[in-house]
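Asks: I need the structure of the sequence given here:
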Amino acid sequence: LSQLSRSHPSLNTRLLFAVRLLQNARLLRPCYYLLRPLAALLTSRLLQQPSSLLWLDLLKIYWLADSLQRPAISAES
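Replies: Next up, the predicted model:
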């Protein structure tokens, strides 16, 4: 999703909308650092039955924030 959003800036999904909203409010980095220690807990919660889509959404926000902080990798390398 990170690569797609870089190559197609007009792409809009619910997750990208939330991340862009957090970026504009300058809350993406604090959100990332808040979710980083919780990533393992969120993953284990997803494997339990019944699970909540909230855990998945939070984990995807963490993954996307993580990938947006890293430099883009070109397809030619």
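Asks: show me where the protein has strands.
Replies: Assigned by DSSP state E, the strands in the chain number zero.
Asks: which other residues reach the top helix by length along the chain?
Replies: Counting by DSSP state H, the longest helix found in the chain is helix 53-69. With CB atoms under 8 Å, 6 or more residues apart in numbering as the test, helix 53-69 has contacts from 1-2, 15-16, 18-19, 22, 28-29, 31-32, 35-36, 38-39, 42-43, 45-46. (C-beta placed from N, C-alpha, C; glycine too.)
Asks: and that helix, what's buried?
Replies: 55, 58, 59, 60, 61, 62, 63, 64, 65, 68 (16 or more other CB atoms under 10 Å).
Asks: just the terminal-to-terminal distance for stretch 6-23.
Replies: By CA to CA, to the nearest Å, the extent of stretch 6-23 from end to end equals 15 Å.
Asks: identify the farthest-apart pair in the buried residues of helix 53-69.
Replies: Spatially, the most separated pair among the buried residues of helix 53-69 is 55 and 68, at 20.5 Å (CB to CB).
Asks: pLDDT score for residue 75?
Replies: With respect to pLDDT, residue 75 has a value of 49.
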